[in-house]
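1. okay, predicted coordinates and the sequence, questions at the end:
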Amino acid sequence: MEAKEKLSVKEWFEHIWYYYKWLIILGGLVVIFLVIAFFQLILKPDADVHIMYIGKGSISVKGVNDLTKTVESLIDDYNNDGKKVCDYIDLTALAEEESGEVFNADFNAAAIARFEVEIRSGDSVIFLMNEYYFKEAMEIGVLAKLSDVLDSTAMPEKTYNEYGVYLKDLDLYKAPGFNSLPANTILCIRRSPENDTIKYNRTMEVYTANKLCFQKLITYKADSPSS
C-alpha cells in the first residue's frame with residue numbers, strides 16, 4: 001500500500017474549509033453573538049426600577065423612550081451607581097376574548113410565555129397590564145394590595161380594586177409615554193420578597209426602590225396648563 005501523502009499546513013486548512021466551510025461560518029457567528037451579548041451584559045448599567053407592560057396595545061419607540069425618561073425624572077439613584085435607569089419591558093399580547101382578531105399567533109404565544117416567566121420569577125416589580133392579564137396575575141397570587149405599599153395620603157380616590165388602579169384615573173396618564181398606553185391599563189405592583197409565596201431573585205433593597213417608584217407614579221401630579 002502506498003503511504004498517504006502528508007498534507008502541508010496550507011493544504012490541511014484548505015481541506016477543512018472545503019468540507020466544513022458552513023459549519024465554521026455558523027460557529028463563528030455564534031461566537032460573535034455570544035461575545036457581543038457578554039459585553040452588553042457587562043456594560044449594561046444596573047436598573048434602579050423594573051417595569052413591565054403587557055396588553056393589546058403597544059407604544060412606539062418614542063413612546064417607550066418618553067415613558068422611561070418620565071420614570072427616570074421621578075426616581076432617585078436608588079442603587080447609588082451614579083445613574084438613574086428604568087428597565088422597561090413592553091409585551092404586546094391579545095387576551096383570549098380578543099383571539100378573533102388578526103394577529104401573529106407565534107408572536108402572541110411568545111409574549112404570553114415571557115409574561116408567565118416574568119410574573120413568576122423575572123426582574124419586573126411594577127406592572128402595567130390590561131384587565132385580562134391583571135386578573136391572571138391576581139390568580140397567580142403575586143400582587144400586593146395598594147394599602148400595603150401606600151399610606152392613606154397617597155391612596156388614589158378611585159381604584160380598580162384593592163390591588164390596582166386604572167391609568168386613566170391617575171394624573172400619570174397625562175405624563176409623556178404613559179399617555180401613549182391604553183387608558184384602561186392597570187397599574188399595580190408585586191408583593192415584596194418577604195411576603196411572596198413565589199420566590200424570585202429580588203432583594204428587599206431592590207423591592208424597596210421599586211416601591212418608592214410606584215408611590216411616585218401613583219402620586220404624580222401633572223403640570224397645570226398655563227393660563
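-> Arrived safely, thanks for sending.
2. how much space separates the residue nearest to the spatial centre of the chain from I75?
-> With distances taken as Cα atoms, centre = their mean, I89 lies nearest the centre of the chain, 2.4 Å away. Per Cβ to Cβ, to the nearest Å, I89 is found 17 Å from I75. For glycine as for every other residue, the C-beta is placed from the backbone atoms N, C-alpha and C.
3. sec struct for the residue lying closest to the residue nearest to the centre of the chain once chain neighbours are set aside, please.
-> For I89, ignoring the flanking residues on the chain, the nearest one in space by Cβ to Cβ, 6 or more residues apart in numbering is M52 at 4.3 Å. Judged by DSSP: H, G, I helix; E, B strand; the rest coil, the three-state class of M52 is strand.
4. thought M52 was touching Y133?
-> No - counting by Cβ atoms under 8 Å, M52 does not reach Y133; the two are 9.8 Å apart.
5. mutual contacts of those two, please.
-> F115 (Cβ atoms under 8 Å, 6 or more residues apart in numbering).
6. and the strands in this structure?
-> Ranges of strands within the chain are 49-55, 86-92, 126-129, 165-166, 186-189, based on DSSP state E.
7. packing partners for the last one?
-> Here strand 186-189 is seen to pack against strand 126-129, helix 131-140, strand 165-166, helix 204-218 when contacts are counted using 3 or more Cβ pairs under 8 Å, 6 or more residues apart in numbering; DSSP states H and E.
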